[in-house]
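**Q** Provide a 3D model corresponding to the input given below.
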Amino acid sequence: MRRFLVGMFAVIGFLVVLGAAAGVGLALWSRSRAPHIADNTVLALDLTGGFPDSAPSNALSKLIRPGRPPLRDVLDAIEKAREDQRVTGLIVRLGDAEMGLAEAQELRDAITAFRAKGKRAVAYADSFGEMSGGTRSYYLAAACGEIWLQPVGVVGLVGLRAEEPFFRGTLDLLGVVPRFDRREEFKSAADPVTEKTMTGPDRTQITAILDTAFKQIVEAIAADRKLDEATVRGLVDRGPLLAQEALDAHLVDHLGYSDDALAAIGEPADGSRKPMPIARYLAVAGHPHVTGPRIALIYASGQIVRGSAEGNGLTDTGQIGADQLVDAFRQAERDPEVRAILFRINSPGGSAVASETIWRETVRAKAAGKKLIVSMGNVAGSGGYYIAAAADKIVAEPATLTGSIGALGGKLLFNGLIDKLGVSYSAVQVGANAGIDSPVEDFTPAGKQRFEQLLDDIYGVFKTRVGDGRKLDAATVESIAKGRVWIGEDAKAHGLVDALGGYATALDLAKQEAGIAADSDVSIRLFPPQRGLLRTLIARFTGRDSDDASASLGRSLALVQALAARLDPLLSPPGALMMPPIEIR
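**A** Numbers count the residues shown, from 1 in each chain. Alright, predicted model coming up:
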């Protein structure tokens, strides 16, 4: 037996060595065949679909569902290329882009900086919308020096619209009774189940957001296309514009096809040399900011939940697990080389308890001597603002949706529905408020009083966190709170944001706060490090991963239904910190 075991381990050892040698050989072969960056390279950026704000949390997710590069990678590639003498141009393909206005603004800034280095940027679209709005796509295209449009295409520059479904009538038909309350009047996330139309306060805040966002778009297009703002507003009211109309109005420069646009930017019309996709370029050229003083980058993308974010190990969850963010912050705190933390938030909020947990870690990080700079994405409101409140500096794009300082909570009563189904409930309880969260028992007077006190307490603590973090007195915080959502430009005017911009602005402020010279480069390190493929597989097959695949699948299927999507975050324990789902299109 002993000889057998020795022989078996010898064979295993030989196989390991053989595998390692094969791996080295494969790596060397791959390197010899790796694409290189030729002179006069033109990069290609396809923005016809959406892209995530942050990278997948594990390598397995990235391998199985590669999708599109995250925003951070796109920005890194454009930044790297603007200093790369081998790169002479960028062609951006647009269409019905699934992106928020804040993302469009960050990309516009990156393209503008690229062009400032004397490099060409050309936009091409077969159509900016097709019987649908294309305002955001065209807004981004306008940052390029030239715009090409397919002859049978339109410029759907039609303005902005926000619309929202209301399910109260459906619930009435089903016999389902909503029992929600808010702090205060602008906190409208539960309105789809409590109302049949927009409330006055909700209409007021949405109108203000659309007016400011539209002003930003008109000003930028007018400057980019060398038109006066009145002309742009007039064109919007005429839209969608046919291709020739758009050309005559100087909204586009050329009518043609993708190969025409490529030839115009210097690529051979015969297709003998294709533009290099921006993700491949980044893989070859490498990310910027890899040397110098260390700055930690921590992402918070999705709905904020207690504990760990649920998932199936293969795909990302769309959630921010408080425990996972705590771990990320503590790793950054313990790293002596980390001078500052760049905290990227793209979240409409979620659990009040989880938001407090994360807020506490931001305070700990600052106490550990780490400067904390927040960069906001499309949305950083309610719980998303709560976790930003303690930062040394907060940066938002002019069109970021933020604020929503308030609280809401409640439950749905299903008695009427289950009566129709012939179902009956009986219950036994010990404790006056044991049924406070029951879906078949209304609040008792004492339970309702306790529920209201919970909302009051959460709202009060939220305002205190904002006042302490932003150094605002209680009256000022109350005047800008009440659950109201602010667009970034207005949020800055009210003291909720320090500067307007994206990653680049936030990085400059991080260097400034950390005492790093403005002209010095820095090393940006992701915390926690992305889980590698082997670690992910081991975690899944040993059961050490906290993700629950079946729960994730059930939740994903439920969220397909619009009503379920609205209810999922609302039916948390009382005190949810959720923004209303304001969708601008």
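
**Q** now do the contacts for the spatially most central residue of the chain.
**A** Closest to where the C-alpha atoms of the chain average out (Cα atoms, centre = their mean) is residue 346, at 3.9 Å. Contacts for residue 346 (Cβ atoms under 8 Å, 6 or more residues apart in numbering) come out as 53, 54, 299, 300, 301, 302, 376, 377, 378, 379, 380, 384. For every residue, glycine as well, the C-beta is placed using N, CA and C.

**Q** among those residues, name the ones in strands.
**A** Counting by DSSP state E, those place 299, 300, 301, 302, 376, 377, 378, 379, 380 in strands.

**Q** all strands for the stretch 201-350 of the chain, in order.
**A** 241-242, 254-255, 276-277, 294-305, 319-321, 338-350 (DSSP state E, counting those that start in this stretch).

**Q** quick one, the very next helix or strand once past the last one and strand 294-305 angle?
**A** The one in question is strand 338-350. Moving toward the C-terminus from strand 338-350, the first helix or strand encountered (DSSP states H and E) is helix 352-367. Between the axes of helix 352-367 and strand 294-305, defined by axes from the mean of the first three to the mean of the last three Cα atoms, to 10 degrees, the angle is 170 degrees.

**Q** what packs against helix 352-367?
**A** Applying 3 or more Cβ pairs under 8 Å, 6 or more residues apart in numbering; DSSP states H and E, one finds that helix 352-367 contacts strand 294-305, strand 319-321, helix 322-334, strand 338-350, strand 371-381, helix 383-386, helix 445-470.

**Q** name the residues that touch stretch 468-480?
**A** Contacts for stretch 468-480 (Cβ under 8 Å, 6+ apart): 389, 390, 391, 403, 405, 463, 466, 467, 486, 494, 495, 496.

**Q** quick one: terminal-to-terminal distance for it?
**A** This stretch, stretch 468-480, spans 15 Å end to end (Cα to Cα, to the nearest Å).

**Q** run the chain-centre distance for it.
**A** Counting by Cα atoms, centre = their mean, to the nearest Å, stretch 468-480 is centred 26 Å from the centre of its parent chain.

**Q** going forward can the numbers begin at 858, since that is how I track them
**A** All set: I'll call the first residue 858, so the last point we hit is now stretch 1325-1337.

**Q** please enumerate the strands of the stretch 908-1057 of the chain.
**A** Going by DSSP E, counting those that start in this stretch, the stretch 908-1057 of the chain shows strands at 944-951, 977-982, 1003-1006, 1011-1012, 1034-1040.

**Q** got a markdown table for these, with mean neighbour count and distance to residue 1064 too?
**A** Formatted as a markdown table, the entries for those read as follows, by neighbours: other Cβ atoms under 10 Å; distance: least, Cβ to Cβ, whole Å:
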| stretch | mean neighbour count | distance to residue 1064 |
| --- | --- | --- |
| strand 944-951 | 24 | 28 |
| strand 977-982 | 24 | 30 |
| strand 1003-1006 | 25 | 30 |
| strand 1011-1012 | 26 | 25 |
| strand 1034-1040 | 19 | 19 |
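
**Q** quick one: least confident of the contacts of residue 1203?
**A** By pLDDT, residue 911 ranks lowest within the contacts of residue 1203, coming in at 75.

**Q** roughly how far apart are that one and residue 1142?
**A** For residue 911, the distance to residue 1142 (Cβ to Cβ, to the nearest Å) stands at 21 Å.

**Q** ditto for residue 1158
**A** Residue 1158 sits 25 Å away from residue 1142, going by Cβ to Cβ.

**Q** residue 1234 too?
**A** For residue 1234 relative to residue 1142 (Cβ to Cβ), the value is 25 Å.

**Q** would you tell me which one of the helices and strands packed on helix 1209-1224 is buried the most?
**A** Most buried of the helices and strands packed on helix 1209-1224, by mean neighbour count (mean count of other Cβ atoms under 10 Å): helix 1240-1243, with a mean of 33.

**Q** which strands or helices does the helix or strand following it pack on?
**A** Using DSSP H and E, the helix or strand that directly follows helix 1240-1243 along the chain is strand 1250-1253. Using 3+ Cβ pairs under 8 Å, 6+ apart as the contact criterion, the elements in contact with strand 1250-1253 are strand 1228-1238, helix 1345-1350, strand 1356-1357, helix 1360-1370.

**Q** packing partners of the last one?
**A** Contact partners of helix 1360-1370 among helices and strands, from 3+ Cβ pairs under 8 Å, 6+ apart: helix 928-939, helix 958-972, strand 1151-1162, strand 1195-1207, strand 1228-1238, strand 1250-1253.

**Q** the fourth one: partners in the sheet, and parallel or antiparallel?
**A** Yep, that's strand 1195-1207 we're talking about. strand 1151-1162 (parallel), strand 1228-1238 (parallel), strand 1434-1435 (antiparallel) (DSSP bridges).

**Q** is it true that residue 962 touches residue 1235?
**A** No: using Cβ atoms under 8 Å, residue 962 is not in contact with residue 1235; the gap is 9.8 Å.

**Q** give the residues shared as contacts by those two.
**A** residue 1256.

**Q** that's a helix at residue 1267, yeah?
**A** No: the assignment for residue 1267, made by DSSP: H, G, I helix; E, B strand; the rest coil, is strand rather than a helix.

**Q** and it, how many neighbours does it have?
**A** 21 (other Cβ atoms under 10 Å).

**Q** what does the pLDDT read for the closest residue in space to it that isn't next to it in sequence?
**A** The spatial neighbour of residue 1267 that comes closest, neighbours along the chain excluded (Cβ to Cβ, 6 or more residues apart in numbering), is residue 1037 at 3.1 Å. pLDDT recorded at residue 1037 is 95.

**Q** and if you look at residue 1269?
**A** 94.

**Q** any idea how far it lies from residue 1042?
**A** For residue 1269, the distance to residue 1042 - Cβ to Cβ - is 22 Å.

**Q** returning to what we had before: go through the ones in strands among the contacts of residue 1203 and name the one nearest residue 953.
**A** residue 1235 (16.9 Å; Cβ to Cβ).

**Q** contacting residues around that closest one?
**A** Contacts of residue 1235 (Cβ under 8 Å, 6+ apart): 910, 957, 958, 959, 960, 1203, 1256, 1257, 1258.

**Q** in CSV, list the residues you listed along with distance to residue 1082.
**A** Listed next are the contacts of residue 1235 as CSV, based on distance: Cβ to Cβ, whole Å:
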residue, distance to residue 1082
910, 29
957, 22
958, 18
959, 22
960, 21
1203, 30
1256, 19
1257, 25
1258, 27
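
**Q** please look at residue 1271 and residue 1298 and confirm they touch.
**A** No: between residue 1271 and residue 1298 there is no contact, the gap being 10.5 Å when judged by Cβ under 8 Å.

**Q** count of neighbours near the closest residue to residue 1094 other than its chain neighbours?
**A** Excluding its sequence neighbours, the residue lying closest to residue 1094 (Cβ to Cβ, 6+ apart) is residue 1016, at 7.8 Å. Using other Cβ under 10 Å, residue 1016 has 16 neighbouring residues.

**Q** thought residue 1016 was touching residue 1071?
**A** Yes: the pair residue 1016 / residue 1071 is scored as a contact, 6.3 Å apart, by Cβ under 8 Å.

**Q** export the ones in strands among the contacts of residue 1203 to a markdown table and tack on distance to residue 1368?
**A** Shown next, in a markdown table, are those (distance: Cβ to Cβ, whole Å):
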| residue | distance to residue 1368 |
| --- | --- |
| 1156 | 20 |
| 1157 | 21 |
| 1158 | 24 |
| 1159 | 28 |
| 1233 | 19 |
| 1234 | 21 |
| 1235 | 25 |
| 1236 | 26 |
| 1237 | 22 |
